[in-house]
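Asker: What would the 3D arrangement of this be:
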Amino acid sequence: SAHVTSYYYVPDADTWNAWTGFGFQPDFTFQKDYASSVTWWGTCDSTRGVDASPGCEAVYVNDNSAEGSSTTEYLDGYQSDGFTTGQNGSFGANGGTYMTGAWKANGGTTASNGVGDITSTTQVNTTAGFSIVKYTGNGTSGQTIGHGLGVVPQCIWVKNLARAESWAVYHVFNGAT
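Answerer: Numbers count the residues shown, from 1 in each chain. You can find the predicted model right below:
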């Protein structure tokens, strides 16, 4: 619970809503209106940041859309103990019943990582074995990218933020398939 938690919330009006009680600043959140079969699972993170409008540029786990392909309000900010949702948003609309998973990385503090063939921007929590990595690919297969964990990752999710492409997912139990 010091590094990852789940959280449920129900917005009571179409206003700015602060959700607290996490015990840490979330750096990666994974959210859905779990009472709705039509809303998507969206992710936001403090590495990519949260700007004023439309908030974080959500990336959807169950869709191949590029980052921020909607003008809907998502998350408006991460705080030391939670986050704020926007008005009329995918993650905070009145009448929704939302579930979020929240992971702690490094409080929004990133570092350049020159390990590997491609330099990356990382935000790392080695205690939890979790990092957020952002990089610009060079179109060459087989490139290596530093993640800052100090051990081989057991699960990796990769999403092209600029184009509509499916997620690539690796898990140690499935191998590189």
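Asker: wait, Trp157 sits on His171?
Answerer: No. Assessed by C-beta atoms under 8 Å, Trp157 is found out of contact with His171, at 9.5 Å. In this view, the C-beta of every residue, glycine as well, is placed from N, C-alpha and C.
Asker: Could you point out which residue ranges in the protein have low pLDDT?
Answerer: Residues of the chain that meet the criterion pLDDT under 70 lie in 13-16, 51-55, 69-73, 86-89, 177.
Asker: So the residue lying farthest from the centre of the chain versus Gly21, what's the distance?
Answerer: Centroid-distance maximum for the chain: Thr140 at 25.5 Å, with C-alpha atoms, centre = their mean. Applying C-beta to C-beta, to the nearest Å, the value for Thr140 to Gly21 is 45 Å.
Asker: Report how many residues lie close to Asp63.
Answerer: If you count neighbours by other C-beta atoms under 10 Å, Asp63 ends up with 15.
Asker: Now it, what are its backbone angles?
Answerer: phi -150, psi 160 (degrees, to the nearest 10).
Asker: before we move on, what SS does the residue lying closest to it once chain neighbours are set aside have?
Answerer: Once flanking residues are discounted, Asp63 sits nearest to Trp40: 5.7 Å by C-beta to C-beta, 6 or more residues apart in numbering. Secondary structure for Trp40, judged by DSSP: H, G, I helix; E, B strand; the rest coil, is coil.
Asker: Count the residues that sit near Trp40.
Answerer: Number of residues near Trp40 (other C-beta under 10 Å) recorded here: 16.
Asker: All the helices of this protein, residue numbers only.
Answerer: For the chain, no helices are identified by DSSP state H.
Asker: Do you have the strands of it handy? List them.
Answerer: For the chain, the strands defined by DSSP state E cover 4-9, 17-20, 28-33, 42-45, 59-60, 75-79, 82-85, 98-103, 111-113, 120-125, 130-135, 155-158, 168-171.
Asker: The fourth one packs against which elements?
Answerer: Contacts defined by 3 or more C-beta pairs under 8 Å, 6 or more residues apart in numbering; DSSP states H and E place strand 42-45 against strand 28-33, strand 59-60.
Asker: Just tell me which of those strands ends up closest to Pro153.
Answerer: Across those, Pro153 has its closest neighbour in strand 28-33 (14.4 Å, C-beta to C-beta).
Asker: Since that was my last question, I'll sign off now.
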